[in-house]
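Undergrad: what follows is a protein structure lacking sequence information:
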């Protein structure tokens, strides 16, 4: 803790403590700038929420500036993650930035910092939940197409690499490997697109069938107040009998004004559209499936081609895994390594099968 230096009338602080305070001050100022940058790209309620977060970070910055006094003039360098977040916000302002900000807020060091007030530590916990809520809105808007894109890319990378490696391990000619890879690309992309279209359309139809209708609202003025079936509507939707009856009475009396059981999220925001999901699946599967074929297209053969294909696919798998990790607010490196392990496992199995069948045929 700081100690008063009577000789100089100032507060004597350990150099490492001053560095920590300066780093906190730089981080808070940069995070306030991040939220203001994001707020400038949004409207209405979201913009107001982000500006409120920026004001809170400014209050935290003021705390560290007060502790530093004159030393706050040189506030030091912020953490790299804060710099990256602001850079991304200025160029993209997307849900990915909010997801990263959510992760940064959950890793706040204030809970274990004796110089941070309990209110500041509590603020950071609340900020994480606020940012989580804002990020969730963005996740919902892109969930359908994003899911199809990520699954398509990963399936293309893993399945075509496994196919190419399995065929190559059987000892066939390079031309056969290339044709097999291109055939796998086209067949897989078409299959993924068709499957995704059917999947999304089926999900939409099920949700549409389960969404409460609005046609019964016109019947309200004609119902018998003393004996009506409106309460049965709410009981069928899961309300207890007493609550359903009370809610029905309120509806007939005009207390609630509208049927509050009808409002829901638009289906396009929940599951996306079949055509959009199919297109995303086709494009991203084809893009992923092209990667392991590239070394053969440019003329490489044998072991150099297989090693190049594996390295290219490994990098792409780690990139998609890290992207999913960032979007979900999880650790990107862990997600990247998980994707890599899955791809390597599938490739090893097909390689061994190719070796086995190749030796058998020979």
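TA: Now that the structure is in, tell me what you want to look at. Only a predicted model underlies this, so the values are computations on that prediction, with no experimental measurement involved.

Undergrad: pretty sure residue 49 sits against residue 132.
TA: No - checked against CB atoms under 8 Å, the pair residue 49 and residue 132 is beyond contact range at 12.0 Å. In this view, the C-beta of every residue, glycine as well, is placed from N, C-alpha and C.

Undergrad: burial measure for residue 39, as a count.
TA: Applying other CB atoms under 10 Å, we find 20 residues neighbouring residue 39.

Undergrad: which SSE is it in?
TA: Take DSSP states H and E as the rule and residue 39 turns out to sit in helix 15-40.

Undergrad: for that helix, name the packing helices and strands.
TA: Where contact means 3 or more CB pairs under 8 Å, 6 or more residues apart in numbering; DSSP states H and E, helix 15-40 is packed against helix 44-68, helix 80-91, helix 95-106.

Undergrad: go with 7 Å
TA: Contacts defined by 3 or more CB pairs under 7 Å, 6 or more residues apart in numbering; DSSP states H and E place helix 15-40 against helix 44-68, helix 80-91.

Undergrad: using JSON lines, lay out those helices together with mean pLDDT and distance to residue 161.
TA: Below are those laid out as JSON lines (pLDDT from 0 to 100; distance: least, CB to CB, whole Å):
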{"stretch": "helix 44-68", "mean pLDDT": "90", "distance to residue 161": "41"}
{"stretch": "helix 80-91", "mean pLDDT": "66", "distance to residue 161": "30"}
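
Undergrad: for residue 317, what are its contacts?
TA: 154, 157, 339, 340, 343 (CB atoms under 7 Å, 6 or more residues apart in numbering).

Undergrad: change it to 8 Å
TA: Residue 317 sits next to 154, 157, 158, 336, 339, 340, 342, 343 when contact means CB atoms under 8 Å, 6 or more residues apart in numbering.

Undergrad: in the chain, where is pLDDT below threshold?
TA: Applying pLDDT under 70 to the chain picks out residues 1-12, 74-82, 84-86, 88-96, 137-148, 204-234, 237, 251-273, 326-330, 358-362.

Undergrad: where do the helices sit along it?
TA: For the chain, the helices defined by DSSP state H cover 15-40, 44-68, 80-91, 95-106, 118-169, 174-210, 230-236, 241-253, 267-270, 274-290, 294-297, 302-328, 332-361.

Undergrad: closest to residue 112 out of the ones you listed?
TA: For the helices of the chain, proximity to residue 112 was assessed by CB to CB; helix 118-169 is nearest, at 8.7 Å.

Undergrad: packing partners of that closest one?
TA: Using 3+ CB pairs under 8 Å, 6+ apart, the elements in contact with helix 118-169 are helix 44-68, helix 95-106, helix 174-210, helix 267-270, helix 274-290, helix 302-328, helix 332-361.

Undergrad: so which of those gets nearest residue 123?
TA: With CB to CB as the yardstick, what comes closest out of the helices and strands packed on helix 118-169 is helix 44-68 (5.7 Å).

Undergrad: that older thread, kindly reformat the helices and strands packed on helix 118-169 as JSON lines containing distance to residue 116.
TA: Compiled in JSON lines, the helices and strands packed on helix 118-169 are given as follows (distance: least, CB to CB, whole Å):
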{"stretch": "helix 44-68", "distance to residue 116": "8"}
{"stretch": "helix 95-106", "distance to residue 116": "14"}
{"stretch": "helix 174-210", "distance to residue 116": "46"}
{"stretch": "helix 267-270", "distance to residue 116": "38"}
{"stretch": "helix 274-290", "distance to residue 116": "44"}
{"stretch": "helix 302-328", "distance to residue 116": "27"}
{"stretch": "helix 332-361", "distance to residue 116": "27"}
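
Undergrad: and the nearest residue to residue 350 once chain neighbours are set aside, how close does it get to residue 47?
TA: The shortest distance from residue 350 to any non-neighbouring residue, by CB to CB, 6 or more residues apart in numbering, is to residue 166 (3.4 Å). Per CB to CB, to the nearest Å, residue 166 is found 53 Å from residue 47.

Undergrad: cool, residue 189 as well?
TA: Counting by CB to CB, the gap from residue 189 to residue 47 is 40 Å.

Undergrad: which of these two has more residues huddled nearby?
TA: Taking neighbours as other CB under 10 Å, residue 189 and residue 47 compare with residue 189 leading, 24 against 15.

Undergrad: can you pull the contacts of the more buried one?
TA: So residue 189 contacts 152, 156, 281, 282, 283, 285, 286, 289 (CB under 8 Å, 6+ apart).

Undergrad: give me the number of residues near the second one?
TA: Neighbouring residues of residue 156 were enumerated by other CB under 10 Å; the total is 29.

Undergrad: among the contacts of residue 317, which pair sits farthest apart?
TA: It's 158 and 336 that sit farthest apart of those, by CB to CB, at 14.2 Å.
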